[in-house]
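In: Got a predicted structure here, sequence first:
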Protein chains: 2
Amino acid sequence: MTSPTPGGDTVLRIEDLHGSLRDPVLDAMNFLNEVVSRYPEAISFAPGRPYDPLLDPAVITDCLTAWTDHLRRDQGLSEPQISTLLMQYGPTAGIIREPIARSLAEDEGIHVPAEAIVVTVGAQEGMLLVLRALCAGPDDVLLAPSPCYVGISGAARLLDIPLFPVPEGEHGIDAADVADAARRARAQGLRPRALYLVPDFANPSGVCMTVPARRELLAAAGEEGLLILEDNPYGMFRADAESTRPTLKALDTDRRVIYLGSLAKTGFPGARVGYVVADQRVEGPGGSTLLADQLAKVKSMTTVNTPALSQAVIGGLLVRNGFRMRTASLAAAAFYRENIARLLDALDRHFPEPERTARGIDWNRPEGGFFVVLSVPFDADERALERSAGRHQVLWTPMSPFYIGGGGVRRLRLSCSAVPPELVDEGVRRFAEFVAEAESPAVPHSMATSISAVGRG
Amino acid sequence: MTSPTPGGDTVLRIEDLHGSLRDPVLDAMNFLNEVVSRYPEAISFAPGRPYDPLLDPAVITDCLTAWTDHLRRDQGLSEPQISTLLMQYGPTAGIIREPIARSLAEDEGIHVPAEAIVVTVGAQEGMLLVLRALCAGPDDVLLAPSPCYVGISGAARLLDIPLFPVPEGEHGIDAADVADAARRARAQGLRPRALYLVPDFANPSGVCMTVPARRELLAAAGEEGLLILEDNPYGMFRADAESTRPTLKALDTDRRVIYLGSLAKTGFPGARVGYVVADQRVEGPGGSTLLADQLAKVKSMTTVNTPALSQAVIGGLLVRNGFRMRTASLAAAAFYRENIARLLDALDRHFPEPERTARGIDWNRPEGGFFVVLSVPFDADERALERSAGRHQVLWTPMSPFYIGGGGVRRLRLSCSAVPPELVDEGVRRFAEFVAEAESPAVPHSMATSISAVGRG
């Protein structure tokens, strides 16, 4: 495993390390966090991060104060107690479960006890905890849409948990396809443990499930004995602000849905606060616990607890906003709504009909969220991205790493979330230039070096 | 896996979940974070957390200001750049690698490039990342001292990585025992990937390796082709402040040591900032990387990045203290030094010779750190702890969960770190009362309910 020569420099071989480190999906998100800095001058439709000017660092101290005021005034805590809560180790499952439970009730009509919530270091840690708890052995698999968010496929890869794909259509995944996938998995001797999905404005595809499709999915999951792992980072960002759709968890009468929440988009990513709602009962020799209790046990061995500091700031944010993050996010929602419309308009302008259909260029028109997916008549791979960045100063995300078991080679994702409105048109103009060059067979492929850029963050 | 009845309440069975959830070691740390609150009136020698009055919440805003001042003044960043750094997603490996590298050089004589560091959500996440990266398959094992910190055994259990025990003596583990364990593992067809240990004031035993033993261990690891995973949360807290011992990493000329650092004790636990130093080269088809780069890839799927907020506060703490945490920790070190002396004195007073030897009571006398281990003439198990807490209002930690594969049933750990100095003597008096009752066969065992309390936090 290491160099055999005593006294020599220790050298490891990648093939001796865990297999996930040779899996492209693990490079993907890591790279995304750095790709913007590689091309600081480019217009970037790559990352799904919030728009910088929506984030105000004054919120940090304001919210810290709001939280300590809340502890002092509403909870009656003394100064030493407040200090301990901010500065010490804390309960594994978190110290802001109560305000999160209240905001779930206010914002989503999800009514769960605080005890069913585990506060996590972003939704990413939540995925890891749920996968670890649910999957016990080599036959356990996770059903997931294809294309699928790389955070879940990467976490599954870390734990050697195979994904079993469910094809995703224009309106998300279909209950019949889920039932079919579960049956096929079982026919192969596998145990499908849960279905992961983002029903509202999926990452990467931007698609949104209809309410009837949600109900059908819940029914199918009940019939197949499947849990559902619902990830909802974008639900607040609907183009038509009037017509929110209920989450699967809000429709869930059987406690079949494990809900992954994020405060990265409604709060801010630098706090890294997410949470899991897991109100399922777990029966064991010692009696009945909640699945949340089991997830907390896993968490005690991943991060011990979510930083008290982050929880205090987000707790203060919830308190300050009367536990209504939907109301608190109206300005952000308006921004993203306008920016995705701006992006779709610019695409229409720079790829006019009827030429675009003739050229084999097409895209979807999500009703909200951050992402638009384009089909293009060339391989939208890392080499193409390198040319786009280097020669046209415009960044986007290849879709193929999101597909389970291959696919999506001629598709790419444009994110509107982090692009200044005044640059959207210029960005799409550059992108159109890049596409025109890429679809021409005369383009040299020589400038290629390795690059990749996908993911949520 | 779930209840088969559609429309019914979803019920999971613990035996269908991951095996780690039925492993006592996973309950252990989780419980510790809550046990103090179960017996708020008891004197607690259980948790290894810092002494509350040493933690001042004013440090949070002071350090945040110090960090933003540093970015503005020393790094020349603009206000929007500072905002982005505080509020957004950031590089997976962290944004305070440079100040950590400087403090490692100042405090420990460890000279590594910032690129060899990954900032983690506490040392706990560092353990998870290293174990995941190093262990590729079912034959890969970790060598670890017995007794061993439950954070590492729990993380290994999550990843289904077996531990191979190395017996720990009065001065820690012995190079010959490590070589012997490595050979026995290989003879069983296993691949020993690394040795985990805490050379300075181990948790739970409090023992400290001599400098010659450290050099012998490094030589043995070189001969056996073993990596060493050095965990150092307590190195700053030596009873004799003048005679610090070099860390294994400082003595490491072959890049054989992966170093786990924590700022929970020198900073504060509520930030949850730790780090891994992994300057080993990894060779792969794409060329040479650092092991730190590979750990960052794993981290992108566990927590994406350590909260920028926590990193900013700890970065400010490092800047404010001129990157010398040893100097910054002098007051804390003096407190712990005096408190462990106070604890040892109280034990001598309440368990006088020659009776104590005749009774089979004994303890070690660590040269620093937080922990003292006692041998007692009865089973120091969860039932005994429940009696101690309920009837004598004094808490301690059973040792048996720390032993790999059993042992330590008649041993317990006393931590001096969180006990107010004025309560140490009274706490030991109560503890002596409990011991006197426990060693008498007339004690009823009826009050027992499940309780456990171990771990670092």
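Out: Yes, it's here. Residues are numbered from 1 along each chain as shown, chains lettered A, B, ... in the order given.
In: C-alpha only now, for contacts and for neighbours.
Out: Noted.
In: for the stretch 301-450 of chain A, what spans make up the strands?
Out: Across the stretch 301-450 of chain A, reading from the start of the chain, the strands by DSSP state E, counting those that start in this stretch fall at A:362-363, A:371-375, A:394-395, A:397-398, A:411-415.
In: So for chain B, which of those strands sits nearest?
Out: Across the strands of the stretch 301-450 of chain A, chain B has its closest neighbour in strand A:411-415 (15.6 Å, CA to the nearest CA).
In: and that closest one with strand A:371-375, angle?
Out: For strand A:411-415 against strand A:371-375, the angle between stretch directions is 150 degrees (axes from the mean of the first three to the mean of the last three CA atoms, to 10 degrees).
In: Parallel or antiparallel, which strands does strand A:411-415 pair with?
Out: Within its sheet, and counting by DSSP bridges, strand A:411-415 is paired with strand A:371-375 (antiparallel), strand A:397-398 (antiparallel).
In: Mean pLDDT lowest where, among the ones you listed?
Out: Considering the strands paired with strand A:411-415 one by one, the lowest average pLDDT is found for strand A:397-398, at a mean of 92.
In: mind checking how far it is from the chain centre?
Out: With CA atoms, centre = their mean, to the nearest Å as the basis, strand A:397-398 stands 15 Å off its chain's centre.
In: ok, now stretch A:410-422?
Out: Mean-position distance between stretch A:410-422 and its chain equals 16 Å (CA atoms, centre = their mean).
In: Show the average pLDDT along it.
Out: Stretch A:410-422 shows a mean pLDDT of 96 in the predicted model.
In: And for that stretch, what's in contact with it?
Out: The contact list for stretch A:410-422 (CA atoms under 8 Å, 6 or more residues apart in numbering or on different chains) reads A:43-52, A:204-205, A:336, A:339-340, A:342-343, A:370-381, A:396-400, A:424.
In: before we move on, what about stretch A:318-337?
Out: Residues outside stretch A:318-337 that contact it (CA under 8 Å, 6+ apart) are A:54, A:63, A:66-67, A:70, A:99-100, A:102-103, A:106-107, A:236-239, A:266, A:368-370, A:416-417.
In: Can you check the pLDDT for the residue lying closest to A:Pro113 once chain neighbours are set aside?
Out: Spatial nearest neighbour of A:Pro113, excluding adjacent residues (CA to CA, 6 or more residues apart in numbering or on different chains): A:Ala101 at 6.6 Å. At A:Ala101 the predicted local confidence, pLDDT, stands at 98.
In: Just give me the neighbour total for A:Ala101.
Out: By other CA atoms under 10 Å in any protein chain shown, the residues close to A:Ala101 number 21.
In: same deal with the one 5 residues further on?
Out: By other CA under 10 Å, the residues close to A:Glu106 number 17.
In: if we can go back for a sec, could you export the strands paired with strand A:411-415 as JSON lines, including mean neighbour count?
Out: Converted to JSON lines, the strands paired with strand A:411-415 look like this (neighbours: other CA atoms under 10 Å in any protein chain shown):
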{"stretch": "strand A:371-375", "mean neighbour count": "23"}
{"stretch": "strand A:397-398", "mean neighbour count": "29"}
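In: Where does the prediction get shaky in chain A?
Out: Flagging of chain A using pLDDT under 70 yields the residue ranges A:1-7, A:28-37, A:239-242, A:441-457.
In: Any buried residues in the lengthiest helix in it, and which?
Out: In chain A, assigned by DSSP state H, the helix with the most residues is helix A:330-350. Using 16 or more other CA atoms under 10 Å in any protein chain shown as the burial criterion, the residues of helix A:330-350 that qualify are A:332-333, A:335-344, A:346-347, A:350.
In: and what of stretch A:185-200?
Out: Buried residues in stretch A:185-200, counted by 16+ other CA under 10 Å: A:185, A:190-200.
In: With adjacent residues omitted, what lies nearest to A:Leu85?
Out: A:Ala308 (7.0 Å).
In: right, and the one you found touches A:Ile82 too?
Out: No. Applying CA atoms under 8 Å as the test, A:Ala308 and A:Ile82 come out as separate, 11.0 Å apart.
In: Enumerate every residue touching whatever residue of the stretch 301-450 of chain A ends up closest to chain B.
Out: Scanning the stretch 301-450 of chain A for proximity to chain B using CA to the nearest CA identifies A:Ala308 as nearest, at 4.8 Å. By CA under 8 Å, 6+ apart, the contact set of A:Ala308 is A:85-90, A:95, B:270-272.
In: Ok, A:Phe237 next?
Out: A:332-333, A:336-337, A:368-369.
In: Redo the buried residues of stretch A:185-200 as TSV? Include distance to A:Ile228 and secondary structure.
Out: As requested, these are arranged in TSV below (distance: CA to CA, whole Å; DSSP: H, G, I helix; E, B strand; the rest coil):
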residue	distance to A:Ile228	secondary structure
A:Ala185	16	helix
A:Leu190	17	coil
A:Arg191	14	strand
A:Pro192	11	strand
A:Arg193	9	strand
A:Ala194	5	strand
A:Leu195	5	strand
A:Tyr196	6	strand
A:Leu197	8	strand
A:Val198	10	coil
A:Pro199	11	coil
A:Asp200	14	coil
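In: Max pairwise distance over those residues: which two?
Out: Across the buried residues of stretch A:185-200, no pair lies farther apart than A:Leu190 and A:Asp200, at 28.6 Å, counting by CA to CA.
In: Please report the distance of the residue of the stretch 301-450 of chain A closest to chain B from A:Gly8.
Out: In this structure, A:Ala308 lies at 43 Å from A:Gly8, with CA to CA, to the nearest Å as the measure.
In: number of nearby residues for the residue nearest to A:Ala194 when sequence neighbours are not counted?
Out: Once flanking residues are discounted, A:Ala194 sits nearest to A:Leu227: 4.4 Å by CA to CA, 6+ apart. The local packing of A:Leu227 (other CA under 10 Å) involves 26 other residues.
In: Next: A:Pro138.
Out: Burial of A:Pro138 is recorded as 12 neighbouring residues (other CA under 10 Å).
In: quick one, what contacts it?
Out: Residues counted as contacts of A:Pro138 (CA under 8 Å, 6+ apart) are A:160-161.
In: Give me the distance between it and chain B.
Out: 11 Å (CA to the nearest CA, to the nearest Å).
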